[in-house]
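Engineer: Here's my sequence, what's the structure:
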Amino acid sequence: MKPIKTAILSFGLSGKAFHAPFIDLHKGFELTGIWERTKSESVHFYPGTTIYRSLEEILADDSIELVVVNTPTATHFDYTKKVLEAGKHAVVEKAFTTTTAEAIELKKIAEEKNSVLSVFQNRRWDSDFKTVKKIIDEDWLGEIMEVEIHFDRYKEELSPKPHKEIPAPGAGILNDLSPHLIDQALVLFGMPEAVFADLRMTRPGSKVDDYFEILFYYPMLRVRLKSGYQVREPFPAYVVHGRKGSFLKSRADVQETMLVANHKPNLTDWGTEPESEQGLLHTEKDGEVIRRKVPTLQGNYYDYYDGIYESIRNNKPVQVSAEDGIRVMRIIDTCFESSRQRRALPIG
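Structural biologist: Take a look at the predicted model:
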C-alpha cells in the first residue's frame, strides 16, 4: 500500500479535530505537512510532519498528492483552484465555495487535470444520520410525507473569528451549517423542485445571518431544515413522518465532542452513541403496531477518508463529488434569493 502524502492548509478546529486524526489513522495516508502561518502547534500532535509557512511551499512539493483545503470559506475557490492546477487532488471543507459558478469552475478544472475533488460532508457518517437513513431505506415508515432536520444551539455570544461574523462572501450560518443539512436532505431525497428560505439575525450585535428555516418542495414530500442559536431546549434533530409511521432521533453523534477533547479515533468502538439516545420508531408492519427504541448505528468519519483513498488509488467513484457540492451551492444561492424576495423559488 503506497500511502497518499497529504497536506492540510489549516490547523484550527477543522484541521486538528476533523481531518488530521483520520488521515493519521488511515494506513493509506501519510500526513506529510500542515500549513501554519506563524504558530508551530501541530508539531506537538504530529511530530513527524513538516510545517509549511506558505501555500506556495506545499504546491512546490511534488511528493504531496492530496491537499485538504480547510481554510475560511471565502478562500476555498482560490486555494482549491491553485491546488488543482498544480496537479494535486483536493478535499474541500464546506461550504464548497461562495457561489455555484465557482463550484462549477472547480469541477471543470479537476476533470481537465484528472484530479479527485471532493467536498468534506462528514455528517453523512454521523451515527444519528446513518440510523435515520437506514430506517427510511428499509421502508419502515412507508412513503415519506414530512421531514424536519435541525442543527440547533444556544449561544448568544459572537464568534471571535472575524470571517464568521463580518458580512462578506462565505460568512453567516447559511454557509456554515446549512451545507450539512442540505447535503443530508439531498442524500435522502434528491433535488427538490423549489425552495423557500427565511434568514434572520437574532443574536444581539449580529451582522450576519444566524438563523435559517429552509423548506424543500417535492411533489408530495416537504422537508424543513432549521438552525439557530436561540434554542436552549432542542427539538429532536430528525423528525420523519411517513404514511405508516414516524421516527424521531436526537442529534447525539459523539465524534465532534471526542475529537475536540483530543481523543484519537479508532476502528472498533469509535462513534458509538449512548443507549439513552436511541431513536423512537412508531409504525405498523404486517398489521402490527410497533412502538420501540431503535439501536443507533456506529458513526465514523474514517469512512470518508477510506473513500478518498479508494478514489485516488483504485479509481472508485468519489463518495462526495464535486457535483454534490455544486448541488448544495445551487440550493444555498437560491436560499439567499428566496429570503430576499420572501417567496419560494424553483430550482432551475
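
Engineer: The closest residue to Tyr301 other than its chain neighbours - how many residues pack around it?
Structural biologist: Spatial nearest neighbour of Tyr301, excluding adjacent residues (Cβ to Cβ, 6 or more residues apart in numbering): Asn122 at 4.8 Å. Glycine gets a C-beta too; all of them are placed from N, C-alpha and C. Applying other Cβ atoms under 10 Å, we find 25 residues neighbouring Asn122.

Engineer: Could you do Ile135 as well?
Structural biologist: Count around Ile135 with other Cβ under 10 Å applied: 20.

Engineer: One more: the one 10 residues further on?
Structural biologist: The local packing of Met145 (other Cβ under 10 Å) involves 15 other residues.

Engineer: follow-up on the earlier one: got the contact list for the residue nearest to Tyr301?
Structural biologist: Shown in contact with Asn122 (Cβ atoms under 8 Å, 6 or more residues apart in numbering): Phe18, Tyr301, Tyr304.

Engineer: From Val91, how far out is it?
Structural biologist: 10 Å (Cβ to Cβ, to the nearest Å).

Engineer: ok so, going back, next, format the contacts of Asn122 as JSON lines and append pLDDT.
Structural biologist: Output for those, formatted as JSON lines (pLDDT from 0 to 100):
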{"residue": "Phe18", "pLDDT": "98"}
{"residue": "Tyr301", "pLDDT": "98"}
{"residue": "Tyr304", "pLDDT": "98"}
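
Engineer: most neighbours, which of those residues?
Structural biologist: Busiest of these [other Cβ under 10 Å] is Tyr301, holding 26 neighbours.

Engineer: is it true that it touches Pro265?
Structural biologist: Yes - between Tyr301 and Pro265 there is a contact under Cβ atoms under 8 Å: 7.3 Å.

Engineer: so how far is Ala237 from the residue positioned nearest the centre of the chain?
Structural biologist: By Cα atoms, centre = their mean, the chain has its centre lying nearest to Gln121, at 3.1 Å. Gln121 sits 16 Å away from Ala237, going by Cβ to Cβ.

Engineer: and Asp62, which of the three is it?
Structural biologist: Following DSSP: H, G, I helix; E, B strand; the rest coil, we place Asp62 in the coil state.

Engineer: wait, Pro317 sits on Ser311?
Structural biologist: Yes - Pro317 is in contact with Ser311 according to Cβ under 8 Å; the separation is 7.0 Å.

Engineer: more crowded one of those two?
Structural biologist: Neighbour totals were compared for Pro317 and Ser311, and Ser311 leads with 18 against 8 (other Cβ under 10 Å).

Engineer: which ones are touching the more buried one?
Structural biologist: Counting by Cβ under 8 Å, 6+ apart, Ser311 touches Val116, Ser118, Pro317, Val318, Gln319.

Engineer: Excluding residues flanking it in the chain, which one is nearest the first one?
Structural biologist: Pointing back at Val116 there. Using Cβ to Cβ, 6+ apart, the nearest residue to Val116 is His89, at 4.2 Å.

Engineer: Tell me, how many residues neighbour the one you found?
Structural biologist: What His89 shows, counting by other Cβ under 10 Å, is a neighbour count of 24.

Engineer: Would you agree it is in contact with Leu117?
Structural biologist: Yes - if you go by Cβ under 8 Å, His89 and Leu117 touch, sitting 7.2 Å apart.

Engineer: where's Arg251 relative to Ser178, distance?
Structural biologist: For Arg251, the distance to Ser178 (Cβ to Cβ) stands at 15 Å.

Engineer: Which residue of these two possesses the greater neighbour count?
Structural biologist: The residue with more neighbours, out of Arg251 and Ser178, is Ser178; 26 against 19, by other Cβ under 10 Å.

Engineer: show me what contacts that one?
Structural biologist: Counting by Cβ under 8 Å, 6+ apart, Ser178 makes contact with Phe212, Ile214, Leu225, Ser227, Ile331, Ile332, Cys335.

Engineer: ranges for the helices of the stretch 201-348 of the chain?
Structural biologist: Ranges of helices within the stretch 201-348 of the chain are 255-260, 302-314, 322-341, based on DSSP state H, counting those that start in this stretch.

Engineer: Only the C-alpha atoms, please, for the lowest-mean-pLDDT helix or strand in the chain, written as PDB.
Structural biologist: For the chain, the helix or strand with the lowest mean confidence is helix 162-165, at a mean of 84 (criterion: mean pLDDT, DSSP states H and E). The C-alpha trace of helix 162-165 is given here as PDB (Å, rounded to 0.1, in the frame of the first residue of the first chain):
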ATOM      1  CA  PRO A 162     -13.900  37.700  12.000                       C
ATOM      2  CA  HIS A 163     -14.600  35.600   8.900                       C
ATOM      3  CA  LYS A 164     -17.600  34.200  10.600                       C
ATOM      4  CA  GLU A 165     -19.200  37.500  11.800                       C
END
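
Engineer: going on from that helix, what's the next piece of helix or strand?
Structural biologist: helix 173-176 (DSSP states H and E).

Engineer: hmm, what's the outermost residue in this structure?
Structural biologist: Gly287 (38.8 Å).

Engineer: Mark out where each domain of the protein begins and ends.
Structural biologist: Here the domain parsing of the chain from automatic domain parsing is 4-122+304-317, 123-299+331-346.

Engineer: Now the terminal residues of the last one, how far apart.
Structural biologist: For domain 123-299+331-346, the first and last residues are 26 Å from each other (Cα to Cα, to the nearest Å).

Engineer: Quick one: residues contacting Lys244.
Structural biologist: With Cβ under 8 Å, 6+ apart, Lys244 has these contacts: Trp140, Leu141, Gly142, Thr283, Glu284, Lys285.
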